[in-house]
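Asker: fold the following for me, if possible:
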Amino acid sequence: MSPEVAAVLGRSQRETFGRTMSELADENPNVLVLDADLANSTKADIFAAAHPDRFLQMGIAEQNMVGVAAGLATQGFIPVVTTFACFAVYRALDQVRVLVAQPHLNVKVAGAYSGLLTGFTGKTHQAIDDLSVMRSMPGMVVIAPADEAETRAALRAAIEYEGPVYLRLTRDPGPLLFAGEETFEIGRARWLRHGADVTIFSTGQETTRVLDAAGILEGRGIRAAVVHVPTIKPLDAELIRRAARATRRIVSAEEHSVIGGLGAAVAEALGEAGGLPHLRLGIQDTWGESASNDDLLERHGLSVERLVESVEGFVDGSAAQANNRE
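Answerer: Reported below is the predicted structural model:
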C-alpha cells in the first residue's frame, strides 16, 4: 500500500471522537463517556447531546474521574474518560496506574490535544512524553492514529478490546490518509511506502508529513520506505525488523520526545535483533513552548522541509561511512 497525502482535510480527531463514540453507544448500551469540564474542546459534547443519560460530567477533577471510571468498569460498563492528554496522563497518573492499569480494568483513556500542536497553550499543556509514560505500564495498550478514518477504526477496536487503552488524539484536522478504510488491528503497523535506501517509522499525524517528505526525497534520488506505527504498544516488532532489514538504515519521526516514545520502542525492537544505523527525530529532551504549529514543527525538526534535510544528511552520511570502511 502506498497512499498519497490527500489534499483534502478530514475531520479532526477530536470531532471524530465525539461522533464515533455516539455511534458506538448506539450499538453498545454499556459504553459511557466521562468528561472533566472540557467537552466543548474534546468534542465529547457531541456524545453528550446524543446520549445525555450516558454522559457523566465530573468537573475539573481528573483524578476522581478516573476513580469513578474504574468503579464503573467493575460493574460491567465500558467507561471512556476524556480530557486533555496533559491532564489524563500527568495529573491523573496515580489513579490510571493503580486503579486502572494494575487491576487491568476495562477503562479507555482518550487524551485529546496531545503533542505540540495544541494552539498557543504552551509547555504546561503540551503532552510530549505521554507515549513514554503510558507504554511503560504493563498491560496498557497505546494507540496514536493518523487521521479521521484510523481514529474511527481505532476507537472501535479499543471498545472491543477487554482492558485498559490509551488513545492519543490531536486537536486540529489533518489530511486523509486512509479514506474509505475501516480496518485497524491493535498491534499492527502499516507499510505505506516501499524504498531501498532508508526506512522511516512514524506515528500519529506525523506520518502525513513523513509521506510528504518521502515524495520530495524520491525526487532527490533517495528512495524512502515509510512504515506507519499506530500502535506503540503492543509493538509490531516483526514488521519493524523486516522493514529495517530491507534498507539497513532507519529513521524514526514523532511529534513526541525521543526518550521513551516510538523511536525508543523501535530501537528496543531492533537492538534485540542486532543494531542498525538509526536517526531519531523528535523533541530532543526539552519542553515545548508557546508558538504557532508551523513554527513548533520547524523548531523541532518535524516539518516536511526539516525531515527532508535530516533524512538526506543521514543517508548521505551513512553511505559515506560505508564507503570509507570499504
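
Asker: list the contacts of L302.
Answerer: Taking C-beta atoms under 8 Å, 6 or more residues apart in numbering, we find L302 in contact with 116, 206, 209, 253, 255, 281-282. Using the backbone N, CA and C atoms, a C-beta is placed for each residue, glycine as well.

Asker: pick the one among these closest to V100.
Answerer: E255 (25.1 Å; C-beta to C-beta).

Asker: need the three-state assignment for the nearest residue to D130 once chain neighbours are set aside.
Answerer: With C-beta to C-beta, 6 or more residues apart in numbering as the criterion, D130 has its nearest non-adjacent residue at 4.4 Å, and that residue is V89. With DSSP: H, G, I helix; E, B strand; the rest coil as the basis, V89 sits in helix.

Asker: tell me which of the contacts of L302 fall in strands.
Answerer: Among the contacts of L302, DSSP state E puts 253, 255, 281-282 in strands.

Asker: what ranges do the strands span in the stretch 151-300 of the chain?
Answerer: 165-168, 190-193, 198-202, 224-228, 231-233, 250-257, 278-283 (DSSP state E, counting those that start in this stretch).

Asker: which of those comes out lowest on mean pLDDT?
Answerer: Mean pLDDT per stretch puts strand 278-283 lowest among those, at a mean of 91.

Asker: stretch 75-88: how far from the chain's middle?
Answerer: 17 Å (C-alpha atoms, centre = their mean, to the nearest Å).

Asker: pLDDT of that stretch, averaged?
Answerer: On average, stretch 75-88 scores 98.

Asker: what about that stretch, start to end distance?
Answerer: 22 Å (C-alpha to C-alpha, to the nearest Å).

Asker: report the buried residues of it.
Answerer: The neighbour-count check on stretch 75-88 (16 or more other C-beta atoms under 10 Å) flags 77-88 as buried.

Asker: what about those residues, which are in helices?
Answerer: Within the buried residues of stretch 75-88, residues falling in helices by DSSP state H are 85-86.

Asker: ok, the residue nearest the centre of the chain - contacts?
Answerer: The residue lying closest to the centre of the chain (C-alpha atoms, centre = their mean) is A144, at 2.1 Å. A144 makes contact with 114, 131, 167-168, 203-204, 230, 232, according to C-beta under 8 Å, 6+ apart.

Asker: likewise for I143?
Answerer: Residues in contact with I143 (C-beta under 8 Å, 6+ apart) are 154, 157-158, 165-168, 186, 230-232.

Asker: try 7 Å
Answerer: When contacts are counted by C-beta atoms under 7 Å, 6 or more residues apart in numbering, I143 touches 154, 158, 165, 167-168, 230-231.

Asker: state the pLDDT value of it.
Answerer: In this model, I143 is scored at 98, pLDDT.

Asker: who does it bridge with?
Answerer: In this entry, I143 is beta-bridged to L167, T231, by DSSP bridges.

Asker: and it, how far from D295?
Answerer: 28 Å (C-beta to C-beta, to the nearest Å).

Asker: hang on, the earlier thing: just the contacts of A144 now: which is nearest L32?
Answerer: Looking across the contacts of A144 and measuring by C-beta to C-beta, the closest to L32 is L167, at 15.6 Å.

Asker: so where's the stretch 51-200 of the chain shaky on pLDDT?
Answerer: Counting by pLDDT under 70, the stretch 51-200 of the chain shows no low-confidence range.
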